[in-house]
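Visitor: with the sequence up front, the predicted model follows.
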Amino acid sequence: MSTADTVRAAPSSYLYYRHTVAVRIMHWINVIALTVLLMSGLNIFSAHPALYWGQSSYSSRPPVLEIGAMEDADNVTGVTRILGRDFDTTGLFGASRDASGEIVAATFPSWLTIPGNRWLSLARQWHFLFAWIFLVNGLCYVLYAIGSRHLARDLAPTATDWRSIGRSIIDHLRFHHPIGEASKRYNVLQKLAYLTVIFVLLPLVILMGFAMSPGLDSVIPGWVELVGGRQSARTIHFVIAWLLVAFVFVHVFEVVITGLWNNLRSMITGRYRVEGEAGDESR
Amino acid sequence: MNPVEISPRRRFLLAALSGAGALVLAGCDKLANTAWFQKTLDAGESLTRVGQRLVIPRRAMAQEFSDADLSPQFRSNGTSVPRSAQYQALATGGFAAYRLEVGGLVERPASLSLADLRALPNRTQITRHDCVEGWSAIGKWKGAKLAALLDTVQPKPNARYVVFHCADPMESDGTSPYYESIDFEDAYHPQTILAYELNDKSLPVPNGAPLRLRVERQLGYKHAKYVMRIELVDSFANIAGGKGGYWEDQGYQWYAGI
């Protein structure tokens, strides 16, 4: 066959079975669980909107982060104080619009918390129920990923991946993404991002949750000191929650720019459309 | 400070996010109002209690600290001065007339003065107090071991819970006295004490004078202040709201190890 024939051949796009049903189900359970955990967690945080480093909140050191509101005759300003520096965060943190559109003092806007009003006991019930769902789902995922070789086959970076890391960074910065056969595999930055979330951030956020439990703290007395104490654990728990939010923003951004419907379909039906490249004979 | 100008793009992003959040929220709030979902939430709570009780050894000890770790001032939360006339009369008299009544399902009901309580085997411990709100404070507590007190009153075989009735009314009309309850696993734990001293001084009124419970492996609201009467029961279903404590009756978890 001449090269000219190949170029003229019918478009070689086809559907590729990308995500197994187990991965798809666990992905969406995780989406729901993490959403509820974040929103109920922010409601819990509102009960004492300050973070500290160390064992206790009442030492000689000031909080590392504080969210509050400054009110004068005609203005409410949301203030977030990080390491002693004040930031105006009106609209999001400290003060935001209520249902009637008026700016009121509130740690987080109502639409960001579960339940919508400040309600510590109910928020805790939501948080712990979905923590169980998240934990069991996560354990199932890790066992599945190892057992089915999803981890070794799709997520572990190969030697070629490590060598291509520089080019991958440049590609990402240019929003240049692989098409054709190369789009069937995760790129190296993608692999590293997923591995960091799955094996570093998520286990750590769970462990920091455990560290806040006075019951679990007693299992091995003093283990909380490994991370600086219970209040440090609470701070780390909070910071990781926002790192996960940052990951989701980047993840969804990449999903959108590399083909929203194609990506979404592949995580619902499993099928991902691979666009053929002219002259590609690797099929 | 002037509010920062928000660019149209950010405004759009914020609006889109808040729209999505409001949708999730409306669904969740509706869900939380249904009976079956409240039952699911309660089941989650039971799972946590059973799970923690399985992994935490009965005699596992809460971490203890050194004098260097003490919080400069131990924060008082909730009631800082009980409003009842009876309590205020006791406080004026330096709690000389205070008696701790112990009754319910016991063989030998007792009435103890502070001197009687001080004569019981005691324990001193520097522990971290974790409030359900999220903050922690470290204090040094000295008090009578609850196990020793229970040994003197001899619980009947059908007794399952120890209920602490307190002097502080939680309603402004003087009703709804604070109360709490724990089971025997916590009651006989070596760190469970009836504290009469904080940081080497008589327990101050804001922290629960003359006597407060310390149950170190649970959150702050379990540590009943101003304890006046201890009652052993087989069930707390008929006490106040029936959930085993003032905050429990408001929806908080009875098992507060998390």
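Guide: Noted; the coordinates are in hand.
Visitor: near chain A, which residues of the stretch 51-200 of chain B?
Guide: For the stretch 51-200 of chain B, the residues found near chain A under the criterion Cβ under 8 Å from any Cβ of the partner chain are B:52, B:55-57, B:60-65, B:69, B:71-75, B:128, B:130-138. Glycine gets a C-beta too; all of them are placed from N, C-alpha and C.
Visitor: now list the buried members of those.
Guide: Using 16 or more other Cβ atoms under 10 Å in any protein chain shown as the burial test, these include B:52, B:56, B:60-65, B:69, B:71, B:74-75, B:128, B:130-138 as buried.
Visitor: just give the closest residue to residue A:142, not the sequence neighbours.
Guide: residue A:198 (7.4 Å; Cβ to Cβ, 6 or more residues apart in numbering or on different chains).
Visitor: residues contacting that neighbour?
Guide: Shown in contact with residue A:198 (Cβ atoms under 8 Å, 6 or more residues apart in numbering or on different chains): A:141, A:142, A:145, A:155.
Visitor: nearest to residue B:16 among those residues?
Guide: Using Cβ to Cβ, residue A:141 comes nearest to residue B:16 of those, at 29.0 Å.
Visitor: tell me the secondary structure at that closest one.
Guide: helix (DSSP: H, G, I helix; E, B strand; the rest coil).
Visitor: break down the stretch 101-250 of chain B into its helices, ranges please.
Guide: With helices called from DSSP state H, counting those that start in this stretch, the stretch 101-250 of chain B shows them at B:114-119, B:146-153, B:184-187, B:246-249.
Visitor: so which residues make contact with the first one?
Guide: Counting by Cβ under 8 Å, 6+ apart, the neighbours of helix B:114-119 from elsewhere in the structure are B:95, B:98, B:100, B:143, B:144, B:149, B:194, B:196, B:210, B:211.
Visitor: the third one too?
Guide: The set of residues external to helix B:184-187 that reach it, using Cβ under 8 Å, 6+ apart, is B:53, B:58, B:146-147, B:150, B:155, B:159-162, B:192, B:215, B:217-218.
Visitor: could I get the buried residue list for it?
Guide: B:186, B:187.
Visitor: distance from the chain centre to it, please.
Guide: Distance of helix B:184-187 from the chain centroid (Cα atoms, centre = their mean, to the nearest Å) equals 14 Å.
Visitor: what is the rounded mean pLDDT of that helix?
Guide: The pLDDT scores in helix B:184-187 average 97.
Visitor: what do you get for stretch B:54-68?
Guide: On average, stretch B:54-68 scores 95.
Visitor: could you export that stretch as CSV, CA atoms only?
Guide: Provided in CSV are the C-alpha atoms of stretch B:54-68 (Å, rounded to 0.1, in the frame of the first residue of the first chain):
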residue,chain,number,x,y,z
LEU,B,54,-13.2,-2.4,68.3
VAL,B,55,-9.9,-0.8,67.6
ILE,B,56,-9.3,1.0,70.8
PRO,B,57,-8.2,-1.3,73.6
ARG,B,58,-10.4,-0.9,76.7
ARG,B,59,-7.5,0.3,78.8
ALA,B,60,-5.8,2.4,76.2
MET,B,61,-4.6,5.6,77.8
ALA,B,62,-5.1,9.2,76.6
GLN,B,63,-1.8,10.9,76.0
GLU,B,64,-0.5,12.7,79.1
PHE,B,65,1.7,15.8,79.0
SER,B,66,4.2,17.7,81.1
ASP,B,67,3.8,21.0,83.1
ALA,B,68,5.6,22.8,80.2
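Visitor: restricted to strands, list the contacts of helix B:114-119.
Guide: B:100, B:143, B:144, B:194, B:196 (DSSP state E).
Visitor: what does stretch B:18-26 contact?
Guide: A:35, A:39, A:109, A:110, A:111, A:112, A:113, A:114, A:115, A:116.
Visitor: make it 7 Å
Guide: A:35, A:39, A:109, A:111, A:112, A:114, A:116 (Cβ atoms under 7 Å, 6 or more residues apart in numbering or on different chains).
Visitor: same question, stretch A:117-131
Guide: By Cβ under 7 Å, 6+ apart, stretch A:117-131 touches A:33, A:36-37, A:40-41, A:43-44, A:46-47, A:110, A:114-115, A:209, B:32, B:40-41, B:44-45, B:48, B:132, B:250-253, B:258.
Visitor: pull up the per-residue confidence for residue A:74.
Guide: pLDDT, read off for residue A:74, is 83.
Visitor: looking at the contacts of stretch B:18-26, which are in helices?
Guide: A:35, A:39 (DSSP state H).
Visitor: list just the nearest of the contacts of helix B:184-187 to residue B:242.
Guide: residue B:161 (12.3 Å).
Visitor: how about the strands in the stretch 1-150 of chain A?
Guide: A:14-17, A:50-51, A:65-71, A:76-82, A:85-88, A:95-97, A:103-105 (DSSP state E, counting those that start in this stretch).
Visitor: and residue A:267, backbone torsions?
Guide: phi -90, psi -10 (degrees, to the nearest 10).
Visitor: where does the stretch 151-258 of chain B get nearest to chain A, which residue?
Guide: residue B:257 (2.7 Å; Cβ to the nearest Cβ).
Visitor: give me the pLDDT value at the closest residue to that residue other than its chain neighbours.
Guide: The spatial neighbour of residue B:257 that comes closest, neighbours along the chain excluded (Cβ to Cβ, 6+ apart), is residue A:215 at 2.7 Å. pLDDT, residue A:215: 96.
Visitor: what about the contacts of stretch A:117-131, which are in helices?
Guide: A:33, A:36-37, A:40-41, A:43-44, A:46, A:209, B:32, B:40-41, B:44-45, B:48.
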